[in-house]
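*Asks:* The sequence and its predicted three-dimensional model are supplied below.
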Amino acid sequence: MFNQWQVEELVALVRRRYPGWDSFDHPPFVDQEIAPKQELVARAREHLGEETLSNLIAGWQYDEIMRRLEQLGKATNLLWNRVPRQGDLAILYRPNLDRAEFALQLQRLLYGPGPSPQRLQAFADFARRHYLPNRWPFPTFFLFLTHPESEFFVQPQVARWFLRFLGMPGVYSAAPSAEVYATIRDRAEALGDTLQRYRPRDMVDLQSFLWVCTRESRAGTGNLGLEAQIELDVDSYGDRPPVGEETSVDLPQVGELREPLFQALKLLGGAATVSQLEQKVAAILGLSAAQQAARLPGRSQTVLSSRLGWARTRLKNQGLIQSRERGVWELTPEGRETPFSGDAERAGEIQQGAAAPDLVREPSPGYQAAYTLSELAADTGYPETTLNSWLQAIERKKQAIFYGPPGTGKTYLAQRLARFLVGTGDGFVDLVQFHPAYAYEDFIQGIRPVAQPDGSLSYEMTPGRFLQFCAEARRREGPCVLIIDEINRANLSRVFGELMYLLEYRDQEIPLAGGGVFSIPTNVRLLGTMNTADRSVALVDHALRRRFAFISLQPDYDLLRRYHEEEATGFPVEPLIDLLQQLNARIADPHYALGITYFLRPDLASQLPDIWRTEVEPYLEEYFFDQPEQVNAFRWGRVAARFGSL
């Protein structure tokens, strides 16, 4: 599969870095390239071995699994982790990641049945279904560490170079796939067979060998010229500026310009002229006028323009951008699907041989902007004294339910209060909506069918939404709020199960029916909403009522009045308030009263006829289903005259 000239070319590249290299036992090569990886392999076998991982999953120790993955990933400079949520470990910092399912998918990737390319494809499909980062380094890195004798670590930069060297540039894809992985791994194995005289032992040796080749090719690949080197997707000058670009003005190098250039093209809508791109990149990087104006010695072209030209070439060779019209660049379909920091060619990529940088650990999803009580009052229309009393009730009970008839703003209020509770900390807000079919298995835990790579099904205990939420909350320090919308539409005693005990005794833990011990993190708050027109609050289980603070929301006509005054809508609100009061008096049941949120619109004057006919009248028809004369009295044709000529 390999020609003699190819072998000689590769060995020459390695000897450029390690003079006198004659085998994979070459001491400097072993010390700098192989030994650090072998130490990492030993750690992975200890912390992520098949039996160890199985025991961690059986014990529901998902946080520990995440911690071990993070430690292994950070213990090396094989992965890019300068910005954690955009780096090769980004999947670990994904907000609301289902850690139980992720751990099971990881186990199948590393130790499941079937060939490894199929297992990799299954993991990639899982990531794609759940909108998780789906890149080569993460899955192949841990395959490589746990099976160094057979599995290859796909670093995009190395893989692309290797395939181009073999004359197969079209094989590589940005997203992992079984076919591409099998091709790369098989070619690496074939290389090992060809290099037998140099005594390679495993994929650690071969990966190290190819990395050195890739790195050395930056300084020139054999006798290839500059354009041929670009086609091999390598910089002829590495991280240094091209000859003739030396300048006293500090400017980003080509490698550092790829990311902002790609970002600029995205921000400009996916297509832009060279001049527009240069201006946008300068704005993104905050370059001074002097930096933008610095020129190449003896030439009219600026240094920035020259380096951006090289950066465009690199992005073009990655298949991310293209130019179909002179002077105009646009994103390719692959580029449109690739995030700013996608793939290993992002700005500031760490060379494998360089020292690992200090990593910045970012909380996910990040610290929040301040949201004050006065802003909460302004957004909801309720006075601060009322909001304070509600917040005190929530902190006292740790869970509350906002109940009232439709149109009283229960969900909106819960979302704003949740935002206030999270504050400026690292907490987060999640929402789930109950319905009559919602069950314990959905909320707490249950057995679910899981497709295997060979097409068969296995049935595994899977945590539900609340256990997933609590697992994420344990990683945070600030309050984390789960909003349960339409909480009374489900059979609450059946859905909550053991949670009924823990809601009252927050400092306790209890065994779950499906196995494991569970407790509610102290930073968790629950906010429910209850539409009393669907099911009266009187029908709620008394045991549940004791565990929640119940906050009643009724139609607030003063709020409706203030809204139209403050928004200066010009709508005659007093006739509307009189009409609503008469209508609710006719309904004569506070659980079914018509709320005001239907009418909190700046364009109410033009929308009111449609709102009344399509939302209010159907509601009245349902309530007065056996009294049509009551509905007829409030048809739009009867009440429209109250508002004059809208």
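*Replies:* It's in.

*Asks:* Tell me if I'm right that residue 516 and residue 60 touch.
*Replies:* Yes - with contact defined as C-beta atoms under 8 Å, residue 516 counts as touching residue 60 (4.3 Å). In this view, the C-beta of every residue, glycine as well, is placed from N, C-alpha and C.

*Asks:* what's the neighbour count on residue 582?
*Replies:* Neighbours of residue 582 under the rule other C-beta atoms under 10 Å: 13.

*Asks:* secondary structure element for it?
*Replies:* helix 573-587 (DSSP states H and E).

*Asks:* Buried residues, that helix. List them.
*Replies:* 573, 576-577, 579-580, 583-584, 587 (16 or more other C-beta atoms under 10 Å).

*Asks:* middle-most residue in the chain, spatially?
*Replies:* Centre of the chain computed as the mean C-alpha position; nearest residue by C-alpha atoms, centre = their mean is residue 94, 4.4 Å away.

*Asks:* shouldn't it be in contact with residue 132?
*Replies:* Yes - using C-beta under 8 Å, residue 94 is in contact with residue 132, at 5.7 Å.

*Asks:* count of neighbours near residue 108?
*Replies:* Residue 108 has 20 nearby residues by other C-beta under 10 Å.

*Asks:* Could you do residue 565 as well?
*Replies:* Applying other C-beta under 10 Å, I find that residue 565 has 10 neighbouring residues.

*Asks:* Residue 573 versus that one, what's the distance?
*Replies:* 8 Å (C-beta to C-beta, to the nearest Å).

*Asks:* Now for the chain, the helix or strand with the poorest mean pLDDT.
*Replies:* Taking mean pLDDT, DSSP states H and E as the measure, the chain has helix 226-231 as its least confident helix or strand, at a mean of 39.

*Asks:* Show me what the next helix or strand after that helix packs onto, helices and strands only.
*Replies:* Sequence order places helix 254-267 as the next helix or strand after helix 226-231, per DSSP H and E. If contacts are counted by 3 or more C-beta pairs under 8 Å, 6 or more residues apart in numbering; DSSP states H and E, helix 254-267 sits against strand 271-273, helix 274-285, helix 303-317, strand 328-331.

*Asks:* and these, which one's lowest on average pLDDT?
*Replies:* Lowest mean pLDDT of the helices and strands packed on helix 254-267: helix 303-317, a mean of 81.

*Asks:* Give me the buried positions along the next helix or strand after it.
*Replies:* Next helix or strand after helix 303-317 toward the C-terminus (DSSP H and E): strand 321-325. For strand 321-325, the buried set under the neighbour-count rule, 16+ other C-beta under 10 Å, comprises residue 321.

*Asks:* any idea of the mean pLDDT for the lengthiest helix in the chain?
*Replies:* What stands out as the longest helix in the chain, according to DSSP state H, is helix 178-194. Averaging pLDDT along helix 178-194 gives 94.

*Asks:* Stretch 135-144 too?
*Replies:* 95.

*Asks:* show me where the stretch 51-200 of the chain has helices.
*Replies:* Secondary structure of the stretch 51-200 of the chain (DSSP state H, counting those that start in this stretch): helices located at 62-74, 99-111, 116-129, 137-146, 156-165, 178-194.

*Asks:* and those helices as CSV, adding distance to residue 505?
*Replies:* Below are the helices of the stretch 51-200 of the chain laid out as CSV (distance: least, C-beta to C-beta, whole Å):
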stretch, distance to residue 505
helix 62-74, 23
helix 99-111, 24
helix 116-129, 37
helix 137-146, 40
helix 156-165, 51
helix 178-194, 49
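
*Asks:* which element is residue 484 on?
*Replies:* strand 480-485.

*Asks:* do residue 213 as well
*Replies:* With DSSP H and E as the test, residue 213 turns up in helix 203-216.

*Asks:* again with residue 460
*Replies:* Assigned by DSSP H and E, residue 460 falls in strand 457-463.

*Asks:* how big is the angle separating that strand from helix 62-74?
*Replies:* Put simply, strand 457-463 runs at 100 degrees to helix 62-74, going by axes from the mean of the first three to the mean of the last three C-alpha atoms, to 10 degrees.

*Asks:* Strand 457-463 - which strands sit beside it in the sheet, and in what orientation?
*Replies:* Strand pairing for strand 457-463, determined by DSSP bridges: strand 445-451 (antiparallel).

*Asks:* by how many degrees do the partner strand and helix 116-129 diverge?
*Replies:* Using the same axes, to 10 degrees: strand 445-451 against helix 116-129 is 130 degrees.

*Asks:* buried set for strand 445-451?
*Replies:* In strand 445-451, the ones that count as buried by 16+ other C-beta under 10 Å are 445-446.

*Asks:* how much space between the nearest residue to residue 302 once chain neighbours are set aside and residue 312?
*Replies:* The shortest distance from residue 302 to any non-neighbouring residue, by C-beta to C-beta, 6 or more residues apart in numbering, is to residue 295 (5.4 Å). To residue 312, residue 295 is 19 Å away according to C-beta to C-beta.

*Asks:* re the thing from before, from the buried residues of helix 573-587, pick the one nearest residue 639.
*Replies:* Nearest to residue 639 among the buried residues of helix 573-587, counting by C-beta to C-beta, is residue 579 at 5.9 Å.

*Asks:* can you list the domains in the chain?
*Replies:* For the chain, automatic domain parsing gives the domain ranges 4-231, 254-331, 373-552, 557-643.

*Asks:* Can I get those in JSON lines including distance to residue 338?
*Replies:* Conversion of the domains of the chain to JSON lines gives the following (distance: least, C-beta to C-beta, whole Å):
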{"stretch": "domain 4-231", "distance to residue 338": "6"}
{"stretch": "domain 254-331", "distance to residue 338": "6"}
{"stretch": "domain 373-552", "distance to residue 338": "26"}
{"stretch": "domain 557-643", "distance to residue 338": "40"}
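
*Asks:* Could you check how far residue 424 is from residue 372?
*Replies:* Taking C-beta to C-beta, one finds residue 424 at 10 Å from residue 372.

*Asks:* so which of the helices and strands packed on helix 254-267 gets nearest residue 494?
*Replies:* strand 328-331 (49.9 Å).

*Asks:* next SSE after the closest one?
*Replies:* Next along from strand 328-331, by DSSP H and E: helix 333-337.

*Asks:* list the buried ones in whichever helix or strand comes after that following helix?
*Replies:* Per DSSP H and E, the first helix or strand lying C-terminal to helix 333-337 is helix 373-380. For helix 373-380, the neighbour count (16+ other C-beta under 10 Å) marks 376-377, 380 as buried.

*Asks:* Out of those residues, the closest to residue 161 would be?
*Replies:* Closest to residue 161, out of all of these and judged by C-beta to C-beta, is residue 376, at 54.9 Å.

*Asks:* Any regions of the stretch 351-500 of the chain where pLDDT drops low?
*Replies:* 351-369, 452-454 (pLDDT under 70).

*Asks:* So which bits of stretch 96-116 are buried?
*Replies:* So for stretch 96-116, counting by 16+ other C-beta under 10 Å, buried means 97-112, 116.

*Asks:* would you turn the buried residues of helix 373-380 into a markdown table with distance to residue 43?
*Replies:* What follows is those, written out as a markdown table (distance: C-beta to C-beta, whole Å):
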| residue | distance to residue 43 |
| --- | --- |
| 376 | 48 |
| 377 | 54 |
| 380 | 52 |
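
*Asks:* hey, where'd the strands end up in the stretch 401-550 of the chain?
*Replies:* Counting by DSSP state E, counting those that start in this stretch, the stretch 401-550 of the chain has strands at residues 429-433, 445-451, 457-463, 480-485, 510-511, 517-518, 524-531, 549-552.

*Asks:* Specify the angle between the third one and helix 99-111 in degrees.
*Replies:* With the same axes, to 10 degrees as the basis, strand 457-463 and helix 99-111 are set at 140 degrees to each other.

*Asks:* Tell me if I'm right that the residue nearest to residue 302 and residue 305 touch.
*Replies:* No - in this structure, residue 295 is not within contact of residue 305 by C-beta under 8 Å, at 9.2 Å.

*Asks:* my read: residue 514 touches residue 446, true?
*Replies:* Yes - assessed by C-beta under 8 Å, residue 514 is found in contact with residue 446 at 7.0 Å.
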